[in-house]
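**Q** Here you go, sequence then predicted model.
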Amino acid sequence: MAGSSVAIVGGRVVPVTGPPIENGIVLVTDGTIAAVGAGLAVPDGVPVIDAAGSWVLPGFIDAHAHVGVHEEAQGWAGQDTNEMTDPVTAQVRALDAINPADLGFRDAITGGVLAVNVNPGSGNPIGGQTVALKCWGRTVDEMVLRQPSGLKSALGENPKRTYGNQDRTPSTRLGTAAVIRGAFVDAANYLARIEAEERKPEGERRPVDRDLKLEALGRVLRREIPWRQHCHRADDIATALRIAGEFGYDLVIDHGTEAHLLADLIAARDIPVIIGPLMTSRSKVELRNRSLGNPGLLARAGVTISITTDHPVVPIHFLIHQATLSVKHGLDRETALRALTINPARVAGIDGRLGSIEAGKDADLAIWSGDPLDVFSRVQRALINGTEIYTDLEGAPVFATPQPPGGAQPPPRRDHGMRSVICADWVP
């Protein structure tokens, strides 16, 4: 996507990594933030967006969602979340199943969510590779920020139900842990064979047959990408900590419904928790301790948190509302905004480009009518790479049309509204 130059002036700029700037100015050059502050000179000829009375924030990031792989209003035809034909599918990539035309991406933008980490589902002990991408583009290749951004794994009810119903291993929690350990041992042996060949004189080396499954697991063992561990219950979280300690990889806890019960252990190991979804019923046993107070409990214990919708479990444009309700239940406001911006950016490994308003980062910005934690505030404008891709100034949302890099922008088209639909056989 081609970058644009623009100046956003007069708004309350919230950089996230620094204090808010009243009557601030954000200068964008070629799609990148060139400067942010008060009293900056706007270069001649640069288009100006008047943000007086509005709040300017970095685009929000949902660090765990299934937008694009579980398409809205498509039923089974758009359901590509889980490859539940083998307990270990480390070789599959969310990237290869994402449809940029999924209505969920437009929903995201209306809620100020301009980037997302898309995960495979949690039906398998090892479910596949995640990808971080922007919520705007003609093809997923144009949207990608980092591929892969992690490797998805699941403990708890989902894998034992999936394979127990097939009378296959794993049908228990101990079986799930054994499958994960076995896969890591296989991957370690695979890496050892490669390293052994590399130590030989060049003329004596023999190629090691490629194995995409073990290659992906090897990237985790080499700490090139994090291990994204789906777990809700405290005992499953303890298992996640135990296995990570055995194999020495970078662990991220996804969901963490009962993570507050082990908050001291998690904080001591500096393991981030992506908590949520928070606006759901207690639809299974391991969610019985779900509470909007949990984000605040974790943050006060020193755990770095991000908040997720797990879209489509909670519609992705409700991400900000989960943060608002968490503040109502004890999370401080500054941490709530960090949990939607810089924290998920760091988890996904894209904080060099997104997550805050700082010089050198991509100009992916949302202009809100007021405090985003006020339920009455709405996104008035959204920009990606400095290009305005969404406008809603008078309650009539208008989207631009994704263009090839360097392409001219045709007139925007009106959006007629989207709704979330969840399939009955969905395994989040």
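**A** Now that the structure is in, tell me what you want to look at.

**Q** Let me know the pLDDT of Gly10.
**A** We have a pLDDT of 97 for Gly10.

**Q** Chain neighbours aside, what residue packs nearest to it?
**A** Ranked by Cβ to Cβ, 6 or more residues apart in numbering and with sequence neighbours excluded, the top spatial neighbour of Gly10 is Ala52, at 3.8 Å. For every residue, glycine as well, the C-beta is placed using N, CA and C.

**Q** got it, and Thr162?
**A** Gly123 (4.5 Å).

**Q** residues touching the one you found, list them.
**A** Residues near Gly123 by Cβ atoms under 8 Å, 6 or more residues apart in numbering: Thr81, Asn82, Met84, Ala154, Asn158, Pro159, Thr162, Val427.

**Q** ok, now which ones touch the residue nearest to Asp270 when sequence neighbours are not counted?
**A** Using Cβ to Cβ, 6+ apart and skipping residues adjacent in sequence, the residue nearest Asp270 is Thr304, 7.5 Å away. By Cβ under 8 Å, 6+ apart, the contact set of Thr304 is Asp270, Pro272, Val273, Asn343, Arg346.

**Q** still on that earlier bit, take the contacts of Gly123 and keep only those in helices.
**A** Taking DSSP state H, the ones among the contacts of Gly123 that sit in helices are Asn158, Pro159, Thr162.

**Q** of those, closest to Thr110?
**A** Asn158 (29.9 Å; Cβ to Cβ).

**Q** Return the per-residue confidence for that closest one.
**A** For Asn158, the predicted pLDDT is 96.

**Q** Could you check how many residues crowd around the closest residue to it other than its chain neighbours?
**A** Among residues not flanking Asn158 along the chain, Ser122 sits closest, at 4.5 Å (Cβ to Cβ, 6+ apart). Here the number of neighbours of Ser122 (other Cβ atoms under 10 Å) works out to 29.

**Q** separation between Ser122 and Lys160?
**A** Using Cβ to Cβ, to the nearest Å, Ser122 is found at 11 Å from Lys160.

**Q** picking that back up, name the member of the ones in helices among the contacts of Gly123 with the most neighbours.
**A** Pro159 (29 neighbours).

**Q** thinking again about what came up before, how about the ones in helices among the contacts of Gly123 in CSV, adding distance to Pro295?
**A** As requested, the ones in helices among the contacts of Gly123 are exported to CSV (distance: Cβ to Cβ, whole Å):
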residue, distance to Pro295
Asn158, 22
Pro159, 26
Thr162, 29
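
**Q** Who are the contact partners of the residue positioned nearest the centre of the chain?
**A** The centre of the chain sits closest to Ala63, judged by Cα atoms, centre = their mean, with a distance of 2.0 Å. Applying Cβ under 8 Å, 6+ apart to Ala63 gives the contacts Asn117, Ile274, Ser306, Thr308, Asn343, Pro344, Val347, Ala348.

**Q** strands paired with the host helix or strand of the third one, and their directions?
**A** Pointing back at Ser306 there. Per DSSP states H and E, Ser306 falls inside strand 305-307. Counting by DSSP bridges, the strands paired with strand 305-307 are strand 273-275 (parallel).

**Q** what about the partner strand, average pLDDT?
**A** The predicted model gives strand 273-275 an average pLDDT of 98.

**Q** Show the subsequent helix or strand relative to that strand.
**A** helix 294-300.

**Q** Would you mark the buried spots in that next one?
**A** For helix 294-300, burial by neighbour count (16 or more other Cβ atoms under 10 Å) applies to Asn294, Pro295, Gly296, Leu297, Leu298, Ala299.

**Q** quick one: the fourth one and Gly330 touch, right?
**A** Which is Leu297. Yes: using Cβ atoms under 8 Å, Leu297 is in contact with Gly330, at 7.3 Å.

**Q** ok, then the element right after the helix or strand encompassing Ser326?
**A** Assessed by DSSP H and E, Ser326 sits inside helix 319-328. Next helix or strand after helix 319-328 toward the C-terminus (DSSP H and E): helix 333-338.

**Q** centre of the chain versus that next one, how much separation?
**A** Relative to the chain's own centre, helix 333-338 is displaced by 17 Å; criterion: Cα atoms, centre = their mean, to the nearest Å.

**Q** Where does pLDDT dip in the stretch 101-250 of the chain?
**A** Residues of the stretch 101-250 of the chain meeting the criterion pLDDT under 70: none.

**Q** Tell me which stretches of it form strands.
**A** For the stretch 101-250 of the chain, the strands defined by DSSP state E, counting those that start in this stretch cover 113-118, 126-134, 144-154, 227-231.

**Q** and Val9, which of those strands is closest to it?
**A** Per Cβ to Cβ, nearest to Val9 of the strands of the stretch 101-250 of the chain: strand 113-118, 20.6 Å.

**Q** And for that closest one, what's in contact with it?
**A** 59-69, 94-95, 98, 108, 130-136, 145, 149-150, 311, 316-317, 319, 344-345, 347-348, 350, 354, 364-366, 382, 384.

**Q** change it to 7 Å
**A** Here strand 113-118 makes contact (Cβ atoms under 7 Å, 6 or more residues apart in numbering) with 59-69, 94, 98, 108, 130-135, 145, 149, 316-317, 319, 348, 354, 364, 366, 382, 384.

**Q** same check, this time on stretch 169-180
**A** So stretch 169-180 is contacted by Pro87, Val88, Pro125, Ile126, Ser153, Leu155, Pro159, Lys160, Tyr163, Gly164, Thr239, Ile243 (Cβ under 7 Å, 6+ apart).

**Q** Give the closest residue to the last one in space, chain neighbours not counted.
**A** Leaving out its chain neighbours, the residue that sits closest to Ile243 by Cβ to Cβ, 6+ apart is Ile180, at 6.1 Å.

**Q** Could you check how far that neighbour is from Glu142?
**A** 34 Å.

**Q** next one: Val28
**A** From Val28 to Glu142 the distance is 19 Å (Cβ to Cβ).

**Q** Between those two, which is the more surrounded one?
**A** Val28 (26 against 16).

**Q** neighbours of the residue nearest to Ile243, just the number please.
**A** Neighbour count for Ile180, taken as other Cβ under 10 Å: 26.
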